[in-house]
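Participant: Fold the following, please.
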Amino acid sequence: MFTREFEADRCPLCGSIMMDGRCADNTCEFHWRPAEPEELLEFETGEDTQREAG
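Facilitator: Okay, the predicted model is just below:
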């Protein structure tokens, strides 16, 4: 029998469940690409260090 552990959390953008960094909501940006750890840290700290204004 094969078992796998998943990392589950809440999506910082929409509040849906995230499994291994990918949001369950198909309208969310993080559904189509996994959230990077740096992006999740930005939401937790409120800092926008990776994105440029424009």
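
Participant: Residue 40: what's it in contact with?
Facilitator: Applying Cβ atoms under 8 Å, 6 or more residues apart in numbering to residue 40 gives the contacts 12, 21. The C-beta positions use only the backbone N, C-alpha and C, and glycine is treated the same way.

Participant: now swap in residue 29 and tell me
Facilitator: Shown in contact with residue 29 (Cβ under 8 Å, 6+ apart): 13, 23.

Participant: Name the residues of the helix-or-strand element of the chain with minimal mean pLDDT that are buried.
Facilitator: In the chain, no helix or strand scores lower on mean pLDDT, DSSP states H and E than helix 37-45, which sits at a mean of 78. Using 16 or more other Cβ atoms under 10 Å as the test for burial, helix 37-45 gives 39-40, 42.

Participant: Rebuild those residues as a markdown table, extending it with distance to residue 32.
Facilitator: Converted to a markdown table, these look like this (distance: Cβ to Cβ, whole Å):
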| residue | distance to residue 32 |
| --- | --- |
| 39 | 13 |
| 40 | 16 |
| 42 | 18 |
